[in-house]
Every structure is written in C-alpha cells, then in structure tokens.
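Asks: Need the 3D shape of this:
(one chain, ligands or ions: 2)
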Amino acid sequence: MAPNSVRYEGEAHPRTLYDKIWADHLVHEADGVSLIYIDRHLVHEVTSPQAFEGLRMSSREVRRTDCTLATVDHNIPTSSRKNFKDTKSFIAEADSRTQVVTLEQNVQEFGLTYFGMEDKRQGIVHVIGPEQGFTLPGTTVVCGDSHTSTHGAFGALAFGIGTSEVEHVLATQTLLMKKAKNMRIKVSGKLAEGVTSKDVILHIIGIIGTAGGMGCVVEFCGDVFENMSMEARMSVCNMTIEAGARAGMVAPDETTFNYLKGRPLCPKGKDWDKAVEYWKSLRTDKGAKFDKDIHIDAADIAPTVTWGTSPEDVVPITGIVPDPSQATDETKRTGMLRALQYMGLEPGTKMQDITIQKVFIGSCTNSRIEDMRSVASVVKGKKVSSGVEAMIVPGSGLVKKQAEAEGLDKIFTEAGFDWREPGCSMCLGMNPDRLKPQERCAATSNRNFEGRQGPQGRTHLMSPAMAAAAAIAGKLKDVRELLPEMQATNGKMAEPTKSMDFYSEPIDWTAPKEVQEPPSEGVAAPTSAGMPQFTSLDDVVACPLKKANVDTDCIIPKQFLKTIQRTGLGKAAFFELRYEDDGVTERQDFVLNQEPYRSASVLIAGDNFGCGSSREHAPWALNDQGIRCIIAPSFADIFFNNCFKNGMLPIAITKDIVEELWTHAEAKKKLTVDLTKQEIRREGCEAIPFEVDPFRRHCLLNGLDDIGLTLQKAEHIDSFEARRSSTFPWLDGPRYSRMKAEVRISTAKSSSFYTRVAKGFLGGLPASDDRPERPPAAQLILSATGNAIERAVRVAQDLKEEGDAEIIRIRTQTVAGSNQGGQVPQVLITVKAKSKPHAVPVMVASKGGAKEGSNGKQGTDW
Ligand SMILES: CC(C)[C@H](C(=O)O)[C@@H](O)C(=O)O
Ligand code: SF4
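Replies: Ligands and ions are numbered 1, 2, ... in the order given. Sure, this is the predicted structure:
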C-alpha cells in the first residue's frame, strides 16, 4: 500500500480528504460493500458490555489491543475523589457501578489499556484520545458513541458506531461500510469578537437542520476553520452529528501538527517526519467534487443559543422565541408547539429575558483547557447570580490539572462555581448530576432533547463564554456586552501553561496478551451465524408515529442504558412518550398505547428517525417491544445501520408514500412488508416497491451476522495489516508484537533470495533511528500470483525445513490481473516464526520486490 499521495500523483481525478482516507483504508470490496480498516478504537462503559460478551460467547479475542483505548466517563460521579478506594465502594448507584465494574473486568480479561477512575488521564472518551495523541490525522477512528465525530478535527475519518459494530471492530479491526457522500461547509471571513466555534456550529445546524448532513461526511473549510485552534475545531466536529452527518473533518495543517507533536502516542523521530509528509498529502485536491456545498459568511454569525428541544432550534441571543403559527409545515408546527410547551416558553419572549436555575459547563463539546480559560475570563472577580447553581466539569484529569496549575479553579470557586472531577456529568445525567423537573439550564453540551439532562429538565445550548455570562446574570445574556470588562480581566490572568508539560508523559501501554494459536491448515474458515432472519411481515396493522426527528434519547432514555444485556428493554421504548411522570400510568394519547397499535411490528414515522446518540439500545428496545420494521422518509445513519445488525428492516421511502401509509394505518387497515420481493402490499392497492442494499438484504434473509462474514476475509485483513505496518509504521502500538509482514514474491528473484528476506522479517528488522524497536514479525504472509506461486511454495518449504517457521495456512484465490486484466490465481501462505529472533543481514525492499543491500537503510515500501 502506497499512501494516496504517491498512488495518485499526476492522476486526473482530484479527490477530497475523505476520498483519500477511505482509499487508504480499503481492505476489500465486493458487491458494493467495503471492508474498511479501523486504526483507532475508543471504548467506554455504556456501549461495550454486550460487545465483550459477544466476543466471549464466540471465543474471540480483541484483534488489535494496541489500537484500542478504554476509559470510563458516562456513569461516574463527578464528586471529589479524595476518599476514593475503589469503584465498587465509590459508585452508589447499582446499575452505574455494574457498568463500570464490567468494563474493568473486560479490559483485564482482554488485555486492554484502560484509564480508570484512579488514573489522572481518565476523562471523557473524546477528550482523552486527542490529548494522548491516540487520534492522528489520516486515521479511521471509531467509538460506540456518536460524538466520535470530534476526532475529525485532526483530519481523521471519525464516526460513532453501535454496539454490534463495536464487537465487529474488537474482533476484526474492520467495519463493513458503504461510502458516504462528500459535503463541504465553507465559512469565510472573520468572526466578530465574542463569537466562538460553538456559535459557528450552532449557526450551521440552524441553517442546514439536524438532517442537513445526512448520508455525508462534511469537510469544514474556509478561513474561519483555518484560523481556529485544535480545540475549537474539535467543538465544531463534535456537533457534526447534531447536523445529521456521518462525520465531520478539517484538513490537517500546521495547527494540527503543532498540537500533536510530543504527545505520548504520536510518532517520533523520522516516523514523525514521514507522518507529517503523509498528513500534508491528505488535503483535498483542487477541483475535487463535493456532492453538497454550503457557504456561510462569518459576519452573519452572532452568539447563538437554542430555544427548543432540538439542536436546530437556534436563534441569535438578541432574538426572540419563535412563533409556531409562522411554520409552513404541519409536522414542524406540531413539533414547535410541543417544544415550547416542554420548555415552558411563550412565542415572542426575548431570549435575554429567560431566567435560568442551573449552569453546566462541560461535556465532550466544551470541557477543554481553552473552554476553561474562556469561562474564567468572563467570571473572574464576579459572582454567580443568587438562585443559580453553576458547575464546571473538566473533560479529563489532565485538563483539571492544567486548569489548576493556571489558577483557574480559584477563579471558578471564588465566583461560586462548583469545580468537579472529570466525566460526562450533566450532559446526559447517567450519573448523579441531573436537572430537576422544569429546571432551566444554560449548558455547553450538545443536545437539548427532552429529558436529556434529567426528566422534564430544560436545556439551552450555548458557548462556554455565554454560559458563564448567564451564570453571572441569572438569565441568558449576550456575552458581547461584557467584552470591555473581559479585556481588562484578561490582562490580569496568569500566563497559559504549555499544554505539553501536562500531556507529554510517556504512556504505560498494557502489554498485549499472548498471540493466540491461529487455526491450523485445513480448518474450515469461520462461518457466520447468529442473527434473526427477516423475510416478511404478513397482514399486520402498522403503527403511525406522526413525528419527525425522533431521537434515540426519545426511543430509549438514558436511565435504561445502564444494562449490560441486549434484551428486556421493551418497556423502556418511548418511555417518556408512553408513560406519565410516575413511569407507570400509560398516556392515552400516545399511539403505541392504543389498540391495535400496541403490538404493532411495523412503525411508520417521520423524517430523520433515530437521530442523535449511537445507542444500539434504541433498536434493541424497539425489537423487544415487537417492532421489526420501521418505515420513514429518512433515517439517521447510525440508527439505520444498527437496525440491520439486529435483524430489523428500516425502509426509507418518500414522504408522500409515508403520508399515504399513515392514513392507511389510521384506518387500521393491514399491510404486508415483503423483503424477498422488496415491496409493501395492501389489499386493493398497487404494491409499493422499496430499495434495500443487496448485501444487507442477503444478510437479513439468511440471518447472517457480519462478524462471521468478515472473518472469512481474514487473509485480506492480514495482508492489509502487514502493508500498514510498513507504510504507516507509527500506527502500530508501542508493544505491538503480533506484527505480521507480507513478502510479495515475484519471478524477478530466486527463491533463496526471498527465503533470506523472509528470515529477515521473522528475525526482526534491523534497528534504525526511526524504528529503534521494530519487533520481529510473528507471522509472515508469502503472497504470489501466476508463475511465482511455485516459488512461494518453495520459500515456505525452505523456511520450514530450516526450522525458521511453520506453515499454518495456505489459501488460494483468484484476483484481478495487474497488466493484462482478467482473473489470475493467487496463493497466500501464512507462516509463523518458530525460533527466537536472530541477527540477519540488512534487507532493503522496494516497489516491485525486495532488493538485497547493506546500507543500513530500512526500505519496506513494497
Ligand atoms: C451513551 C452513548 C451511546 C451516547 C452517544 O452515542 O452519544 C451518549 O454519549 C450521548 O451523548 O447520548
Ligand atoms: S455527548 Fe455528553 S454523554 Fe455523550 S460522550 Fe459527550 S459528554 Fe458524554
């Protein structure tokens, strides 16, 4: 694998940043589905228990422990840890405790690096990854969490996944994916004073809506993003998920490199130079095509706040609460009315007249050191308004340490803020930090859904500076009015510390577990099984849910995410819509509480169904409630994917047809959803055809699970990893000892030459300045096509006879021929090192085959 910059030099196809990263991670492609390699996997306690359990049940290991990093954030209390002994005694709430303890056990059992509650690097998963240099440009980054989009700030392809996909990545280090569309959001000009990155992203979401980025990967460009710090870029990319996009990214530049250099997990020495060269090549080519293009003028952006229960419900702080009667669309009007009722607001109220009771500064959007400094510059020497409770929660232990070294904690506590320990805190209230019913909060987090910060709680999203201003004023306030005072204060603030003093400490990476014996020759390739089949739902009455933007917080509220199982969540489905505040009495006006919809297996909903959090608990709850098929005009990407992983069928169909089906369902008439024929049938009406991806359809009809299917492609993953180790050596973890290398054998050299090359890899490549500790390859793949196959077999036999390696697997397949086209046979022989590493002559490999040499250079670029 040559990096994209080399492969495409001089070619006539200009590509985007996203296209390039995608191409460099393509392991295999068939039937329109791509197997994409995942470089970085972050894990937290909420979305991982069922994934680890899945591995255990199928006796699978974590494939790349060196590329996986775990922490706890959602459930942990943010109260002082002065008397902390262990999690068991510290976490009072039983389900929260179980999730955290379960993660502790899982990281032990599977040999993962873990920042637990006693580790000063513990923090919100999206804060610690960048902090440690775990997140790098040009990588693919995933986590069972929708705000993984944050990491796109580094020019990484970073996106949230569901728990089934977490298991898939743990087992295979890959994901089965379809390429998304390219979208560009350009913000040009200069931001006015007092306007921050948070205002920029809220403004963008206000314009394009929470479904605006659906099916796309967004690249943010223009002077506004170029001039932003890395932390500001992270806040923007963080909320791309609120704009409905799969991921958001900013091209890596000097700001990125300066932020990263010296962080514990960043490349060092010559690897750093090589990496930077590659990262620079990732920029979108001139003339590259974007499927969607948005252009915004920075001058139009004011400090922005939300008024309703969706992140798209934004107005400038100088604005008023909007009037639903002005809405043109009926579903929109009903949605606005409900939002105003929930928020306890009247149309026409000035935003600055809205009083608050709580202030929450924190979350993966805004809990980094620059956010802390921004708050300090507003509140220094002032007092939190009486009647307001204000809390500030750093994103990680290291942010906390740095803020304290800068004296910011004193500024906060003197002003009357509660200075807490790191965690997700009141962003979603899975821990003790919650709003009380009807309490109104100025929050720096990213979601204002109903019940998000606590049942019946009311959230207004805004920037840290704006939340700080609200804390002082006791009501929403335009921070620009405080600018003269802030400027005077800024002169008196302590000099910011250099971040690297806090983040450059070497990381003690957990040693990987012993390499598992790979299956011996002749053992059948793993098969796939285990997912419920879906063929058709015959003669059923569907349930009409006439609501757009149904988020996954609404499908299953946070209190039910604390389970470590996949089942038993039926009662939790649509909990707040379904029950009165007592949680028992059914609301008669909710459609699923009415006959005959109570036991419906088909749900017909409005646009953008399943938006928000990546929680796979949402399809689990629906499934458990009996819903196997959801029909809507559009779906949020992660939810859509999660359905297929659970044998459920989401059908995207036009709005007109959805409305027709609503009327049909309201008349309590029956329909049939037939996946085999791909049509919805109703008596006396024409069949409605629907689209479904052929691969997904095949899996549903046959009940095939993805992991089994992917493991049948093990050789492709092996050889991808071998090439990755050579081309991007900085991506292998510090103690990666399972290293596999690939030797491509051609007819250009003798078999004895290739035997020597192979021995070189098995013995460990010679040391050099840039990779002083390159470990020996534990396994080697000898690959050859056509006439060279015989030579490869010879090399394998020689290695075996000379006691250097044992042959563990031989696979043959056909591949596309290089020059003449057509299919040619290929052999892949996997051998495993037998003896201890030994000294070998220096080998220099280059494109088109290995060359012998002794110049001390390490060329492994084949
Ligand atoms: C718990 C997790 C699945 C969820 C997410 O995916 O976003 C959470 O972080 C959230 O913010 O709602
Ligand atoms: S959005 Fe909130 S709950 Fe989700 S990861 Fe970020 S801080 Fe945690």
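
Asks: residues contacting Leu701?
Replies: Going by Cβ atoms under 8 Å, 6 or more residues apart in numbering, Leu701 touches Gln533, Phe534, Thr535, Leu675, Thr676. Any C-beta I mention is one placed from the backbone N, CA and C, and that applies to glycine too.

Asks: which residues sit in contact with the residue of the stretch 251-400 of the chain at minimum distance from ligand 2?
Replies: Relative to ligand 2, the nearest point of the stretch 251-400 of the chain is Cys364 (3.3 Å; Cβ to the nearest ligand atom). The contact partners of Cys364, by Cβ under 8 Å, 6+ apart, come to Ile124, Val125, His126, Val127, His147, Thr150, Asn238, Gly395, Cys424, Cys427, Asn446.

Asks: and it, helix, strand or coil?
Replies: At Cys364 the chain is in coil, as set by DSSP: H, G, I helix; E, B strand; the rest coil.

Asks: how deep is the closest residue to ligand 2 within the stretch 201-350 of the chain tucked in, by neighbour count?
Replies: Closest to ligand 2 within the stretch 201-350 of the chain is Asn238: 7.6 Å, counting by Cβ to the nearest ligand atom. When counting by other Cβ atoms under 10 Å, one arrives at 28 neighbours for Asn238.

Asks: Hmm, Ser146 and it touching each other?
Replies: No. Counting by Cβ atoms under 8 Å, Ser146 is not a contact partner of Asn238; they are 9.7 Å apart.

Asks: ok, back up a step: which one of the contacts of Leu701 is nearest Tyr754?
Replies: Taking Cβ to Cβ as the measure, Gln533 is the one of those closest to Tyr754, at 47.3 Å.

Asks: Contact partners for Pro267?
Replies: By Cβ under 8 Å, 6+ apart, the residues touching Pro267 are Leu136, Lys274, Ala275, Trp730.

Asks: where does the stretch 151-300 of the chain come near ligand 1, residue by residue?
Replies: By the rule Cβ under 6 Å from any ligand atom, the part of the stretch 151-300 of the chain lying against ligand 1 is Gly160.

Asks: If I follow the layout properly, Arg333 ends up in contact with Ala339?
Replies: No. The criterion here is Cβ under 8 Å, and Arg333 misses it with Ala339 at 10.7 Å.

Asks: Could you check which of these two has the larger neighbour count?
Replies: Taking neighbours as other Cβ under 10 Å, Arg333 and Ala339 compare with Ala339 leading, 21 against 15.

Asks: one step back: among the contacts of Leu701, which are located in helices?
Replies: Within these, no residue falls in helices by DSSP state H.

Asks: Which of these ranks first by neighbour count?
Replies: Of all the contacts of Leu701, the highest neighbour tally under other Cβ under 10 Å goes to Phe534, namely 24 neighbours.

Asks: residues contacting that residue?
Replies: The contact partners of Phe534, by Cβ under 8 Å, 6+ apart, come to Arg628, Cys629, Gly647, Met648, Leu649, Leu675, Leu700, Leu701.

Asks: Now list the buried members of these.
Replies: Among the contacts of Phe534, the ones that count as buried by 16 or more other Cβ atoms under 10 Å are Arg628, Cys629, Gly647, Met648, Leu649, Leu675, Leu700.

Asks: which residues in the stretch 151-300 of the chain form helices?
Replies: 163-172, 197-208, 223-226, 230-238, 254-260, 269-280 (DSSP state H, counting those that start in this stretch).

Asks: Does anything pack onto the second one? Which helices or strands?
Replies: In terms of contacts (3 or more Cβ pairs under 8 Å, 6 or more residues apart in numbering; DSSP states H and E), helix 197-208 is packed against strand 181-188, helix 230-238, strand 292-297, strand 304-306, strand 314-316, helix 464-473.

Asks: follow-up on the earlier one: any chance of TSV for the contacts of Cys364, columns distance to Asp607 and pLDDT?
Replies: Listed next are the contacts of Cys364 as TSV, based on distance: Cβ to Cβ, whole Å; pLDDT from 0 to 100:
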residue	distance to Asp607	pLDDT
Ile124	30	98
Val125	30	98
His126	27	98
Val127	32	98
His147	22	98
Thr150	26	98
Asn238	23	98
Gly395	33	98
Cys424	28	98
Cys427	25	98
Asn446	20	98
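
Asks: Cross those residues against strands and list the overlap.
Replies: In strands, judged by DSSP state E, none of those are found.

Asks: Report the mean per-residue pLDDT for the longest helix anywhere in the chain.
Replies: As assigned by DSSP H, the longest helix anywhere in the chain is helix 94-110. Averaged across helix 94-110, pLDDT comes to 96.

Asks: same deal with stretch 272-287?
Replies: Mean predicted lDDT for stretch 272-287 stands at 97.

Asks: picking up where we left off before, would you mind finding the most buried of the helices and strands packed on helix 197-208?
Replies: helix 464-473 (a mean of 29; mean count of other Cβ atoms under 10 Å).

Asks: got the buried ones among the contacts of Phe534 as TSV, with pLDDT and distance to Thr785 columns?
Replies: TSV is the format used below for these (pLDDT from 0 to 100; distance: Cβ to Cβ, whole Å):
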residue	pLDDT	distance to Thr785
Arg628	97	45
Cys629	98	45
Gly647	95	39
Met648	97	42
Leu649	98	41
Leu675	98	39
Leu700	95	36
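
Asks: Looking at those, which is nearest Ala376?
Replies: Met648 (48.0 Å).

Asks: Pull the contacting residues for the closest one.
Replies: Listed by Cβ under 8 Å, 6+ apart, the contact set of Met648 reads Phe534, Pro619, Leu622, Asn623, Ile627, Arg628, Cys629, Ile630.

Asks: Show me which residues of the stretch 351-500 of the chain are close to ligand 1?
Replies: Counting by Cβ under 6 Å from any ligand atom, the stretch 351-500 of the chain sits next to ligand 1 at Leu428.

Asks: ok, 8 Å please
Replies: Counting by Cβ under 8 Å from any ligand atom, the stretch 351-500 of the chain comes close to ligand 1 at Cys364, Cys424, Cys427, Leu428, Met430, Asn446, Arg447, Arg452.

Asks: And the furthest pair within those residues?
Replies: So, those by Cβ to Cβ: farthest apart are Met430 and Asn446, at 15.1 Å.

Asks: Looks like Gln357 contacts Val388 (just checking).
Replies: Yes. Between Gln357 and Val388 there is a contact under Cβ under 8 Å: 6.3 Å.

Asks: which of the two has more neighbours?
Replies: Higher neighbour count among Gln357 and Val388: Val388, with 21 against 17, using other Cβ under 10 Å.

Asks: Any idea how many residues pack against the nearest residue to that one once chain neighbours are set aside?
Replies: Closest residue to Val388 apart from its sequence neighbours, by Cβ to Cβ, 6 or more residues apart in numbering: Gly474 at 5.4 Å. Burial measure for Gly474: 17 neighbouring residues, criterion other Cβ under 10 Å.

Asks: Please enumerate the strands of the stretch 551-700 of the chain.
Replies: Ranges of strands within the stretch 551-700 of the chain are 602-605, 629-632, 649-652, 670-674, 679-681, 688-689, based on DSSP state E, counting those that start in this stretch.

Asks: Make TSV from those and add distance to ligand 2 to it.
Replies: As requested, those are arranged in TSV below (distance: least, Cβ to the nearest ligand atom, whole Å):
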stretch	distance to ligand 2
strand 602-605	24
strand 629-632	24
strand 649-652	23
strand 670-674	33
strand 679-681	36
strand 688-689	37
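
Asks: Please name whichever of the ones you listed is nearest to ligand 1.
Replies: Nearest to ligand 1, of these and by Cβ to the nearest ligand atom, is strand 649-652 at 17.9 Å.
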